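Attaching a predicted model along with its sequence, questions to come.
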Amino acid sequence: MQRRSLVIEDDGRGEVDRLVVVSLGSNLPGGYATSEALLTAALKRLAELGLKVRKRSSWWRSAAWPDATDPPFVNAVAIVETKASPRRTMELLAAIEREFGRTRQSANAPRTLDLDLIAHGRVVLNETDLILPHPRAHERRFVMGPLAELAPDWRHPVIGETAAVLAACAAVGADARPMGLAALRKRPRNAI
């Protein structure tokens, strides 16, 4: 099935800067045949809870980090539309993780589903339990690569660099690559 490209042009009011960016990852398929199937089901659940998926990147594969002997990860980034506040968005993402069997035994352990709120428009927060933009996303190729695929001109609200530049410089998960032939097709520069 071929996905249609969604093009969002900057209308002069900073459309690209109003994006709500969610990263998805899995290295344990749980009750699904593959991590890709699990992530597809999670995307559907996002929409059911009011986080309308406008566009998703290709699936990307990378070695687990920091322990490369763990199963490899499948990752993607989704651009979502929501009226929910950043805090409510985080609550919804955590609820979906739990529904898909996510347990938090130790940091960076293998997991069925990892949903991170990367950015909620241009909101900058530094609270005990909510930091926006995500404090380490800019260091991770498995986040910035998929985001650059969708919105290369998106600018980090604090650092000021574009997703394309951050993807090129990201050191964590430097082996992350798009999966499949669809990922190799050239995408329009202004597509998200």
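That came in fine, so what should we check first? These numbers come from a predicted model, not from an experiment. Numbers count the residues shown, from 1 in each chain.

What residues does G180 make contact with?
58-59 (Cβ atoms under 8 Å, 6 or more residues apart in numbering). Any C-beta I mention is one placed from the backbone N, CA and C, and that applies to glycine too.

same thing but at 6 Å, please
Under the criterion of Cβ atoms under 6 Å, 6 or more residues apart in numbering, G180 has no neighbours.

R136 versus the most centrally placed residue in the chain, what's the distance?
Nearest to the mean C-alpha position of the chain, by Cα atoms, centre = their mean, lies S23 at 1.7 Å. Note on S23: its distance to R136, by Cβ to Cβ, to the nearest Å, is 11 Å.

and if you look at K83?
27 Å.

okay, these two: which has more neighbours?
More crowded of K83 and R136, by other Cβ atoms under 10 Å: R136, with 12 against 9.

Check the offset of the lengthiest strand in the chain from the chain's centre.
As assigned by DSSP state E, the longest strand anywhere in the chain is strand 73-81. How far strand 73-81 lies from its chain's middle: 3 Å, per Cα atoms, centre = their mean, to the nearest Å.

Also stretch 146-162?
Relative to its chain's centre, stretch 146-162 lies at 12 Å (Cα atoms, centre = their mean).

ends of that stretch, how far apart?
Distance across stretch 146-162, first residue to last, is 13 Å (Cα to Cα, to the nearest Å).

quick one: low-confidence ranges for the protein?
Along the chain, the parts satisfying pLDDT under 70 run over 1-17, 106-109, 181-192.

all helices for it, in order.
For the chain, the helices defined by DSSP state H cover 35-48, 86-99, 141-150, 163-169.

picking up where we left off before, so what secondary structure elements neighbour the longest strand of the chain?
The criterion is 3 or more Cβ pairs under 6 Å, 6 or more residues apart in numbering; DSSP states H and E, and the helices and strands that strand 73-81 contacts are strand 20-26, strand 52-56, strand 60-62, helix 141-150.

And the second one, how far out from the chain middle?
Mean C-alpha position of strand 52-56 versus that of the full chain (Cα atoms, centre = their mean) differs by 11 Å.

Show me what that strand is packed against.
helix 35-48, strand 73-81.

cool, the first one as well?
Contacting strand 20-26 under the criterion 3+ Cβ pairs under 6 Å, 6+ apart are the following elements: helix 35-48, strand 73-81, strand 114-120.

quick one on the thing from earlier: looking at the helices and strands packed on strand 52-56, which is closest to L113?
In terms of Cβ to Cβ, the element of those nearest to L113 is helix 35-48, at 5.7 Å.

quick one: buried residues of the closest one?
Neighbour-count burial for helix 35-48, counted by 16 or more other Cβ atoms under 10 Å, picks out 35-36, 38-43, 45-46.

So what touches it?
24, 26, 29-30, 32, 53, 59, 74, 96, 100, 113.

that older thread, isn't the residue nearest to the centre of the chain up against M144?
No - at 9.5 Å, S23 does not count as touching M144 under the criterion of Cβ atoms under 6 Å.
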